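> structure here, sequence nowhere to be found:
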């Protein structure tokens, strides 16, 4: 018969009560320590800036799978929880529009390309005059073309490069610019 | 449907300068000369019609027919008076004669304000001086920065485009 078998049998019976006793003692000790600790004082002693300086945010971000994170975000639910009305009420639309250079935006529009790709031309055609108006446009356009032709030739003869129709007078600058 | 179905459009014949809104820019020689030719024709035609109407009225009332001699000094004086009224009244009232309205040009003061009756009258009276010395008075339209003829300088006026070339171009494009 194994001489240690009896001892192992006694040890096996004593182990569970000992573990339970050790756990209860440990819990009691932790409770006492935590209650004795002044957490605020402890946090005051922590140098958060120094701690953050030691964190390599780039490396953390590199390790993050942003796509997976975004996949887990339920945007519909998030938007449903957003109350946009108070946000919009705080936006000063007039101020916003005054900061926009509408003329600059308009100048960047290629009207010809726009006309080619849309039915805007048909709208203008319907809203504008008839045959007489078209004939006037043709006559005036041809006259202006001739004006430019003459002006360019005069510019060449005078050795002054022609840069386009001069003007307008000071009092008409706003009209011409519109 | 697109605005331009393809092929040659009216816009293709339009000068590139009409991409801009020419409104308010100084009018060039061709536009002004064409306007003057139209006005010369219209004013003379209306005067001849007036003479014919007077002849008809006299023949109806008195039974005698009158034949006008265009070299008669009285007819000449009446014609000059009529030209003064035609041009001065048109420039004073709207800044443009019939021919100028047709060509889309307009007379304004040098600063862009309406010409007014006094400047219109002065411009009309000074107009013949521009024809002197083989039309030397018109040279300013070709070489001047503000494209002013002699009668413009005397009256303190300029001639500007009064039509929106860009809008016209859009109409062209829309009908291609």
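Sure thing, it's come through. Quick caveat, the model's predicted, so the values are computed rather than measured.
> from here on, just use CA atoms for contacts and neighbour counts.
OK.
> just how off-centre is the helix or strand where residue A:154 lies within its chain?
Per DSSP states H and E, residue A:154 falls inside helix A:131-158. With Cα atoms, centre = their mean, to the nearest Å as the basis, helix A:131-158 stands 49 Å off its chain's centre.
> kindly report the same for stretch B:22-29.
14 Å.
> not counting sequence-adjacent ones, nearest residue to the residue sitting nearest the centre point of chain B?
Centroid-nearest residue in chain B: residue B:100, 3.4 Å away (criterion: Cα atoms, centre = their mean). Spatial nearest neighbour of residue B:100, excluding adjacent residues (Cα to Cα, 6 or more residues apart in numbering or on different chains): residue B:35 at 4.9 Å.
> what helix or strand is that neighbour located in?
Here residue B:35 is assigned to helix B:29-62, by DSSP H and E.
> buried residues in that helix?
B:29-36, B:38-39, B:42-43, B:47, B:51, B:55 (16 or more other Cα atoms under 10 Å in any protein chain shown).
> which strands and helices lie in contact with it?
Judged by 3 or more Cα pairs under 8 Å, 6 or more residues apart in numbering or on different chains; DSSP states H and E, helix B:29-62 is in contact with helix A:131-158, helix B:73-93, helix B:98-103.
> got the angle for the helix or strand that the shortest one is followed by vs helix A:131-158?
The first helix or strand that comes after helix B:98-103 along the chain, using DSSP H and E, is strand B:105-109. With axes from the mean of the first three to the mean of the last three Cα atoms, to 10 degrees as the basis, strand B:105-109 and helix A:131-158 are set at 60 degrees to each other.
> tell me the helices and strands packed up against strand B:105-109.
strand B:157-161.
> chain center to the strand it packs on, what's the gap?
11 Å.
> can you list contacts of that strand?
A:168, B:22-27, B:104-110, B:115, B:119, B:123, B:146-148, B:152 (Cα atoms under 8 Å, 6 or more residues apart in numbering or on different chains).
> per-residue pLDDT, residue B:123?
On pLDDT, residue B:123 comes in at 96.
> and it, which of the three is it?
helix (DSSP: H, G, I helix; E, B strand; the rest coil).
> in space, what's closest to it - neighbours in sequence excluded?
residue B:155 (5.0 Å).
> the one you found contacts residue B:119, doesn't it?
Yes: shown here, residue B:155 and residue B:119 form a contact pair, counting by Cα atoms under 8 Å, at 5.4 Å.
> continuing past the helix or strand harbouring residue A:12, what's the next helix or strand?
Assigned by DSSP H and E, residue A:12 belongs to helix A:5-36. Following helix A:5-36 in sequence order, the next helix or strand is helix A:39-44 (DSSP H and E).
> flag every buried residue along that following helix.
Counting neighbours, the buried set in helix A:39-44 is empty (16+ other Cα under 10 Å).
> okay, the residue nearest to the centre of chain B: pLDDT?
Residue B:100 is given a pLDDT of 96.
> same check on residue B:127?
95.
> distance of residue B:46 relative to chain A?
22 Å (Cα to the nearest Cα, to the nearest Å).
> with residue B:162 instead?
10 Å.
> tally of neighbours for that residue?
22 (other Cα atoms under 10 Å in any protein chain shown).
> pLDDT below threshold where in chain B?
B:1-19, B:174-176 (pLDDT under 70).
> tell me the contacts of the residue nearest to the centre of chain B?
B:32, B:35-36, B:39, B:106.
> residue B:79 now?
residue B:47 are the contacts of residue B:79 under Cα under 8 Å, 6+ apart.
> then residue B:37?
Counted by Cα under 8 Å, 6+ apart, residue B:37 has contacts residue B:99.
> go on, residue B:124?
B:84, B:87-88, B:151.
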